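Q: 3D model of this:
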Amino acid sequence: MRRGDIYWVDLEPALGAEANKIRPAVVVSNDAANRAAGRGGRGVVTIVPITSNTAKVYPFQVLLPAKDCGLGADSKAQAEQVRTVAAARLRARIGGLPPAVLKQLDEALRVHLSL
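A: Here you go, the predicted model:
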């Protein structure tokens, strides 16, 4: 798994307004950490959940065109929902972000985290 890859991720159990269910998410942790997490599936990976609700895209979110990212519908990455999960929660790889879109996600993370 690599930074910018999109996987199906099992986010249950969730609490309150956390993104839930099995949904696509973008891997945002660095590639060295991702390689370590992938060995044996016992590590952790930082992800940004994706939703197909694109009615409003805030500065801490990024529009993901389906045709460019391997998704079934235009969607958005929700940097405000960034979290670290066990690598075992990742299912199948379904796509990836082009470099320009990953750069936009980096900026959305900076906005959300005030970096």
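
Q: residues making contact with the helix or strand hosting residue 101?
A: Assigned by DSSP states H and E, residue 101 belongs to helix 99-113. Helix 99-113 is contacted from outside by 3-4, 26, 28, 48, 59-62, 64-65, 68-69, 77, 79-80, 82, 97, 115, using CB atoms under 8 Å, 6 or more residues apart in numbering. Every residue, glycine included, has its C-beta placed from N, CA and C.

Q: redo that, cut-off 7 Å
A: With contact meaning CB atoms under 7 Å, 6 or more residues apart in numbering, helix 99-113 is reached by 4, 26, 28, 48, 59-62, 64, 68-69, 77, 79-80, 82, 97.

Q: How far does the lowest-mean-pLDDT helix or strand in the chain sit from its chain's centre?
A: Sorting the helices and strands of the chain by mean pLDDT, DSSP states H and E puts helix 31-38 at the bottom, at a mean of 92. What separates the centre of helix 31-38 from the centre of its chain is 15 Å, taken as CA atoms, centre = their mean, to the nearest Å.

Q: For that helix, enumerate the helices and strands it packs against.
A: Helix 31-38 sits against strand 44-51, with contacts defined as 3 or more CB pairs under 7 Å, 6 or more residues apart in numbering; DSSP states H and E.

Q: Can you list the buried residues in the strand it packs on?
A: 44-50 (16 or more other CB atoms under 10 Å).

Q: center of the protein, which residue is that?
A: Centroid check for the chain by CA atoms, centre = their mean gives residue 26 as the closest residue, at 2.3 Å.

Q: What is the burial count for residue 104?
A: Look at residue 104: counted by other CB atoms under 10 Å, it has 18 neighbours.

Q: quick one: it and residue 113, what's the gap?
A: 15 Å (CB to CB, to the nearest Å).

Q: about what we covered before: could you check the angle strand 44-51 makes with the helix holding residue 101?
A: 100 degrees (axes from the mean of the first three to the mean of the last three CA atoms, to 10 degrees).

Q: just how off-centre is helix 99-113 within its chain?
A: 11 Å.

Q: Much appreciated, bye for now.
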